[in-house]
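Novice: here is the input, now give the coordinates:
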Amino acid sequence: MSHRLQILVPEHVDQRLREAAGRRQISKSEWIRWALEQALRRETVGDDPLARLAALDAPTADLDEMNAEILAGRAS
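Specialist: Okay, the predicted model is just below:
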C-alpha cells in the first residue's frame, strides 16, 4: 500500500530535482523514492563499514572461486 507525502521545496531544489530525474530518465517522484530509500539505508547502517558494504547489495562469490577466475584471466 502506498501513502501520499506532500512536501514544499524551493524553486532551485525543484530545478535540481528535475535535472537529476531527467539524467536517469525517470519521474521526479521515482527519483525522490529512490533517494529516500538510499538515505534510509545509510541511516540504518550508520558508520559501520561492513554494514555499509553489505547494504550495497553488490554481487558476491566464493573467495576460492573468485581467485580461480582471476588466475584463469591472467593465464589467457
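Novice: residue 36: neighbour count?
Specialist: For residue 36, the count of nearby residues is 11 (other Cβ atoms under 10 Å). No exception for glycine: its C-beta is placed from N, CA and C like everyone else's.
Novice: now for the helix or strand hosting it, which elements pack on it?
Specialist: Using DSSP states H and E, residue 36 sits in helix 28-45. Contacts defined by 3 or more Cβ pairs under 8 Å, 6 or more residues apart in numbering; DSSP states H and E place helix 28-45 against helix 11-24, helix 49-55.
Novice: using a markdown table, lay out those helices together with mean pLDDT, distance to residue 62 and mean neighbour count.
Specialist: As requested, those are exported to a markdown table (pLDDT from 0 to 100; distance: least, Cβ to Cβ, whole Å; neighbours: other Cβ atoms under 10 Å):
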| stretch | mean pLDDT | distance to residue 62 | mean neighbour count |
| --- | --- | --- | --- |
| helix 11-24 | 97 | 33 | 12 |
| helix 49-55 | 79 | 17 | 12 |
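Novice: got JSON lines for these, with distance to residue 31 too?
Specialist: Formatted as JSON lines, those follow (distance: least, Cβ to Cβ, whole Å):
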{"stretch": "helix 11-24", "distance to residue 31": "4"}
{"stretch": "helix 49-55", "distance to residue 31": "20"}
